[in-house]
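K.L.:
Quick one, fold the following:
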Amino acid sequence: VYVNTSLALCRERRQHAKLDRAAPPERALPPVYIAQLLLAFTVTAYGWWAVWIKNREPGPVFLAIQAVVDLGLVTTLVHFTGGADSPLSALYVVVLAAYAVLLPLWAGIMVSLLASALYFVAGTLGGGGLGLPFWGQVVIFNTVFGIVAALGARLRQAGAEQDTLEMELRRVRLEADDILLNIRSGVLTVDGFGRLAFINPTAERLLGLDGRTQVGLPVLDQLKSKSSELWACLVAGIRSGRKVNRAEGIVFRGDGTSFPIGLMTTTFARDTSQHPSVTALFNDISESKHLQELHLRAERLEAVASLS
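P.N.:
From the prediction side, this is the model:
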């Protein structure tokens, strides 16, 4: 955009010079202009190579160098296309608005002051006068920078807060996963359509299910054949949202043996689903049942001894 616009303006000036016999003869592009173009192309090519090829994160120093090169190129264009009256002076607004978002506030202020100084130099050397339009342009540059910089600061603050929340959420999820994977009780969650949403290793071992292959698939029929009490509690939670605080059931293994379990369920209603998800917590209570039987037997023996 910079190069095409400047070349078009140079051709237009040359055409006007040919029509005007009193105009001075045509001149080649000044060496400063050519050097500035080469510098801009070099820095742009390096920036593209560093960011897109090497996947480097552009830091404040890198962006500040880019800003200085862009301002130098705009100043060169403004100087050779009319100075303070150049229509390309509006490019300062584009550069300042872009770097007000990309750079930190202190670096953006330095870039804004540099842009004002370079525009003053371009207006002084390139002609056009330093009247009210010139100072109006300077006010517009800095006003746009101030507005965009304030919005950029708010966006960066919101982005930093979002990153903090994401890190905290990730930490909480890792802790929750660690607890659920290592808890001694079985944890099983089915969604409102009876599909397996989560199962921990303890539940896999107790129920004989393979969670890695069955997550996302309907499992209510398999649960009904393994434990009708667990199946009934899950179905009641899906259909009516009923929670079970304490219940007992029997789990049948593939080899025909069985063991008792104690279970409880809780429901979680989602806005996007007509039926709530149900989570069941259960564990093997064979030992506690055995201890309870021994205690009852001891009480019977004590009662018989007392009668004797």
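
K.L.:
ok now do the residue nearest to residue 97 when sequence neighbours are not counted, which residues does it touch?
P.N.:
Nearest residue to residue 97, sequence neighbours excluded (CB to CB, 6 or more residues apart in numbering): residue 148, at 4.7 Å. Quick note: C-beta positions are derived from backbone N, CA and C, even for glycine. Neighbour list for residue 148: 96, 97, 100, 101 [criterion: CB atoms under 8 Å, 6 or more residues apart in numbering].

K.L.:
any idea how far residue 266 is from residue 148?
P.N.:
49 Å (CB to CB, to the nearest Å).

K.L.:
Quick check: residue 102 vs residue 180, distance?
P.N.:
42 Å.

K.L.:
Now do residue 245 against residue 262, distance only.
P.N.:
On the measure of CB to CB, residue 245 and residue 262 end up 11 Å apart.

K.L.:
ok, those two, which is more surrounded?
P.N.:
residue 262 (16 against 7; other CB atoms under 10 Å).

K.L.:
helix/strand/coil for that one?
P.N.:
strand (DSSP: H, G, I helix; E, B strand; the rest coil).

K.L.:
Please verify my assumption that it contacts residue 283.
P.N.:
Yes - counting by CB atoms under 8 Å, residue 262 does reach residue 283; the two are 6.1 Å apart.

K.L.:
Buried residues in stretch 265-285, which are they?
P.N.:
265, 267, 275-285 (16 or more other CB atoms under 10 Å).

K.L.:
repeat for stretch 85-101
P.N.:
Neighbour count says stretch 85-101 has 85-86, 88-89, 91-93, 95-100 buried, by 16+ other CB under 10 Å.

K.L.:
which other helices and strands contact the helix or strand containing residue 297?
P.N.:
In the assignment (DSSP states H and E), residue 297 maps to helix 286-307. Here helix 286-307 touches strand 258-268, going by 3 or more CB pairs under 8 Å, 6 or more residues apart in numbering; DSSP states H and E.

K.L.:
Can I get the strand it packs on in CSV? Just the C-alpha atoms.
P.N.:
What follows is strand 258-268, C-alpha atoms only, in CSV (Å, rounded to 0.1, in the frame of the first residue of the first chain):
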residue,chain,number,x,y,z
SER,A,258,-21.6,-61.5,43.7
PHE,A,259,-20.9,-58.9,46.4
PRO,A,260,-22.9,-56.2,48.2
ILE,A,261,-22.4,-52.5,47.5
GLY,A,262,-23.4,-49.3,49.2
LEU,A,263,-24.4,-46.5,46.9
MET,A,264,-25.6,-42.9,46.6
THR,A,265,-26.5,-40.8,43.6
THR,A,266,-26.7,-37.1,42.8
THR,A,267,-28.1,-35.3,39.7
PHE,A,268,-26.9,-32.4,37.7
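
K.L.:
Show residues contacting that strand.
P.N.:
With CB under 8 Å, 6+ apart, strand 258-268 has contacts from 186, 206, 227, 229-230, 233-234, 236-237, 241-253, 276-286, 288-289.

K.L.:
List the pairing partners of that strand within its sheet, with orientation.
P.N.:
Applying DSSP bridges to the sheet, strand 258-268 is found paired with strand 244-252 (antiparallel), strand 277-284 (antiparallel).

K.L.:
May I have the beta-bridge partners of residue 280?
P.N.:
Residues in beta-bridge contact with residue 280 (DSSP bridges): residue 188, residue 265.

K.L.:
Who are the contact partners of it?
P.N.:
186, 187, 188, 189, 230, 233, 234, 263, 264, 265.

K.L.:
What is the nearest of those to residue 299?
P.N.:
Each of these was scored against residue 299 by CB to CB, and residue 263 proved nearest at 27.2 Å.

K.L.:
Run a quick neighbour tally on the closest one.
P.N.:
The burial count for residue 263: 23, using other CB under 10 Å.

K.L.:
now it, nearest residue through space, not along the chain?
P.N.:
In space, residue 263 is closest to residue 282, 3.7 Å off (CB to CB, 6+ apart).

K.L.:
wait, the one you found sits on residue 199?
P.N.:
No - contact criterion CB under 8 Å: residue 282 and residue 199 do not qualify, at 11.5 Å.

K.L.:
about what we covered before: can I get the contacts of residue 280 in TSV including pLDDT?
P.N.:
As requested, these are exported to TSV (pLDDT from 0 to 100):
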residue	pLDDT
186	87
187	88
188	89
189	89
230	89
233	90
234	90
263	90
264	90
265	91
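
K.L.:
Would you mind giving those as a markdown table with distance to residue 156 added?
P.N.:
What follows is the contacts of residue 280, written out as a markdown table (distance: CB to CB, whole Å):
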| residue | distance to residue 156 |
| --- | --- |
| 186 | 46 |
| 187 | 40 |
| 188 | 43 |
| 189 | 38 |
| 230 | 51 |
| 233 | 50 |
| 234 | 47 |
| 263 | 49 |
| 264 | 46 |
| 265 | 45 |
